[in-house]
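Novice: Sequence first, predicted coordinates after that:
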Amino acid sequence: GENVEQHPSTLSVQEGDSAVIKCTYSDSASNYFPWYKQELGKRPQLIIDIRSNVGEKKDQRIAVTLNKTAKHFSLHITETQPEDSAVYFCAASRGANSGGSNYKLTFGKGTLLTVNP
Amino acid sequence: DAMVIQNPRYQVTQFGKPVTLSCSQTLNHNVMYWYQQKSSQAPKLLFHYYDKDFNNEADTPDNFQSRRPNTSFCFLDIRSPGLGDAAMYLCATSRGLAGVNEQYFGPGTRLTVT
C-alpha cells in the first residue's frame, strides 16, 4: 500500500518568513496530492491540491510542487501570518484512474506550523 | 450551507456501551468515509462506502461497523467501546468520479469513553 512520509513534524517561523513542508510517497500510481490545514479542534480543510499532470500550482501565498520522478511534493507558504499556525497534512491518492474504489487518501503524520508574531 | 454534518459533536459513552455516530451530506457525493483521529495524529481511515459498496480497511477492528441506508446518511457503530477508542471521528465525502478526488470533511464527533 501507499506510504507517505512528512517532514518536519514541527516548524516554527517568524511572521513574514516562508515555510516549506515536504512529503514523499511510495506508490508510483498515486496521482492526486492534496494538502489539508487543521486548526486546533477543527476539521481538516483542503487548502491546495495538485495532480500528477502538473509540476507546480500556486494560489496566492500558497504553492505546491510535485516531482513525480523523485516521488516527492512540497507545500510552500510565503509571507506567513499568525493565522497560518495550524497542523498541515499532506496526502496521496491513486484516485479513480486506477479503477475499483481506490479513492482513499493516505495521510502524512502532519506538521505543526507555528508562526510567531 | 453546511455540506457534511456530524451529530453529535460531542459524545460520552461508557466502557462497553454501544454508541452510534451520525454523518449526513448535502453534496450528493458517491463516496463517504469514516476516519478516526487521535490527538496529534493523522486521520486514520476506518472504512468507506462507494455508493452501497462497503470497503473495510484491513486493520479496522471488528468492533467498528458502518451503515449507509441512503446516499445522504452514513453511520458509525462502535459495538463495545474501549478506552482506546476515545478519539475524534471524522466523516468525509468525495464525488468519486474519475480525476475528482477532493474530500470534504465534517466537523467531527469527539468521543469520550468513561
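Specialist: Nice, thanks for sending it over.

Novice: What lies in contact with the helix or strand harbouring B:Leu46?
Specialist: Following DSSP states H and E, one finds B:Leu46 within strand B:44-50. With contacts defined as CB atoms under 8 Å, 6 or more residues apart in numbering or on different chains, strand B:44-50 is touched by A:101, A:103-105, B:30-38, B:54-57, B:60, B:64, B:66, B:68, B:74, B:76, B:96. Any C-beta I mention is one placed from the backbone N, CA and C, and that applies to glycine too.

Novice: Mind listing the strands that strand pairs with, and their directions?
Specialist: strand B:31-37 (antiparallel), strand B:53-56 (antiparallel) (DSSP bridges).

Novice: Among the contacts of strand B:44-50, name the buried ones.
Specialist: A:101, A:103-105, B:30-37, B:55, B:60, B:64, B:66, B:68, B:74, B:76, B:96 (16 or more other CB atoms under 10 Å in any protein chain shown).

Novice: Residues of chain B that sit close to chain A?
Specialist: Residues of chain B lying near chain A by CB under 8 Å from any CB of the partner chain: B:31, B:33, B:40-43, B:45, B:48, B:50, B:53, B:55, B:90, B:94, B:96-108.

Novice: Kindly recompute the last result at 6 Å.
Specialist: B:31, B:42-43, B:45, B:50, B:55, B:94, B:96, B:98, B:101-102, B:105, B:107-108 (CB under 6 Å from any CB of the partner chain).

Novice: Which PyMOL command selects the buried ones in these?
Specialist: Buried residues among these (16+ other CB under 10 Å), as a PyMOL selection:
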select buried, chain B and resi 31+42+43+45+50+55+94+96+101+105+107+108
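
Novice: what about the strands in the chain?
Specialist: Using chain A here. A:4-7, A:10-14, A:19-25, A:32-38, A:45-51, A:56-59, A:62-67, A:72-77, A:86-92, A:106-107, A:111-116 (DSSP state E).

Novice: nope, chain B
Specialist: B:4-7, B:10-13, B:19-25, B:31-37, B:44-50, B:53-56, B:64-67, B:73-78, B:87-94, B:104-105, B:109-113.

Novice: A:Ala19 reaches A:Ile77, doesn't it?
Specialist: Yes - counting by CB atoms under 6 Å, A:Ala19 sits close enough to A:Ile77 to count as a contact (4.5 Å).

Novice: When the two are compared, which one has more neighbours?
Specialist: A:Ile77 (25 against 19; other CB atoms under 10 Å in any protein chain shown).

Novice: In contact with the more buried one, which residues?
Specialist: Going by CB atoms under 6 Å, 6 or more residues apart in numbering or on different chains, A:Ile77 touches A:Ala19, A:Arg61, A:Ile62, A:Asp84.

Novice: how near is it to chain B?
Specialist: 19 Å (CB to the nearest CB, to the nearest Å).

Novice: and that residue, what are its bridge partners?
Specialist: The partner residues for A:Ile77, given DSSP bridges, come to A:Ala19, A:Ile62.

Novice: if we can go back for a sec, between the contacts of A:Ile77, which is closest to chain B?
Specialist: A:Ile62 (15.6 Å; CB to the nearest CB).

Novice: Can you give me the neighbour number for the closest one?
Specialist: 17.

Novice: I'd say it and A:Asp49 touch.
Specialist: No - counting by CB under 6 Å, A:Ile62 does not reach A:Asp49; the two are 10.8 Å apart.
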